[in-house]
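Enquirer: Sequence unavailable; structure follows:
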């Protein structure tokens, strides 16, 4: 159990899984949950050297957790992942569905259905598999947190990005439906939609594109990975128990509704 009686934002006693957490925003979010007291399962699929370096940093920061390799779009591997986490750390209380593939910008003529399917696999199939695997524990204890990492691109209708935008839109709809389905069990389902926050994979992006986006941000600065920490920790905690099916945009005011 968490120590919410003294600190409703504390995640002490909770086990959190952050998919795709060896780099970028996922890494920052895993560290944030660890700093809030959670025991964190860091996940990666391919680059073992990078993942082990991240986990070494995680441990050096005095945080608690373990590193797990699994493809979160593969049903058998998701089942094994959740079983392995339960054995080593305890059953998963908090899911942060963050893992993502490459996201090339193309006109629709340059996409094929296989690429569209890969987007759907990461942003709809993966949250579905992860949630289904964790639900028996969450329902039994009548507490759980499912946090999908979306994107501002749905609200902005970004062109030449149709596969990614469509899949993220579907993930948003799935989030809303699951939120009302699971709320009676004490399980909240919400989404965080970051703006363009430069991380390692953006190092070679054209400077003109970066400058154009930067000029649009009302907060007059680039976002950094730790800008997600507050919203994430809140949604993962007892403090958010009455926040259901929401999509929090973390982008310096670029999308204001």
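Expert: Structure received. Quantities reported herein were computed from a predicted structural model and do not represent experimental measurements.

Enquirer: dump the residue contacts of residue 175.
Expert: 127, 148, 150, 189, 190, 191, 245, 247 (CB atoms under 8 Å, 6 or more residues apart in numbering). All C-beta spots, glycine's among them, are computed from the backbone N, C-alpha and C.

Enquirer: Now name the helix or strand holding it.
Expert: helix 162-182 (DSSP states H and E).

Enquirer: Show me which residues of that helix are buried.
Expert: By neighbour count with 16 or more other CB atoms under 10 Å, helix 162-182 contains the buried residues 162-169, 171-172, 174-176, 178-179, 182.

Enquirer: ok, of the contacts of residue 175, which one's closest to residue 212?
Expert: If you rank those by distance to residue 212 using CB to CB, residue 150 comes first, at 22.1 Å.

Enquirer: Can you give me the neighbour number for the closest one?
Expert: Summarising burial for residue 150: neighbours were counted as other CB atoms under 10 Å, giving 23.

Enquirer: Relative to residue 158, how far out is it?
Expert: 13 Å (CB to CB, to the nearest Å).

Enquirer: Residue 255 contacts residue 249, doesn't it?
Expert: Yes. Proximity of residue 255 to residue 249 meets the contact threshold set by CB atoms under 8 Å, at 5.0 Å.

Enquirer: Overlap in contacts, these two.
Expert: 152, 155, 193, 195.

Enquirer: Generate a ChimeraX selection restricted to the buried subset of these.
Expert: Selecting only the buried entries of the shared contacts of residue 255 and residue 249 in ChimeraX, with 16+ other CB under 10 Å as the criterion:
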select :152,155,193,195
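
Enquirer: Nearest to residue 103 among the shared contacts of residue 255 and residue 249?
Expert: When these are ranked by distance to residue 103 (CB to CB), residue 152 comes first, at 13.3 Å.

Enquirer: Now do the contacts for residue 226.
Expert: 28, 32.

Enquirer: secondary structure element for residue 73?
Expert: Using DSSP H and E, no helix or strand contains residue 73.

Enquirer: Let's verify the residue nearest to it when sequence neighbours are not counted: helix, strand, or coil?
Expert: The shortest distance from residue 73 to any non-neighbouring residue, by CB to CB, 6 or more residues apart in numbering, is to residue 121 (4.3 Å). In three-state terms, and counting by DSSP: H, G, I helix; E, B strand; the rest coil, residue 121 is helix.

Enquirer: distance of residue 149 from residue 171?
Expert: For residue 149, the distance to residue 171 - CB to CB - is 9 Å.

Enquirer: What ranges in the stretch 1-150 of the chain fall below the confidence cut-off?
Expert: 1-5 (pLDDT under 70).
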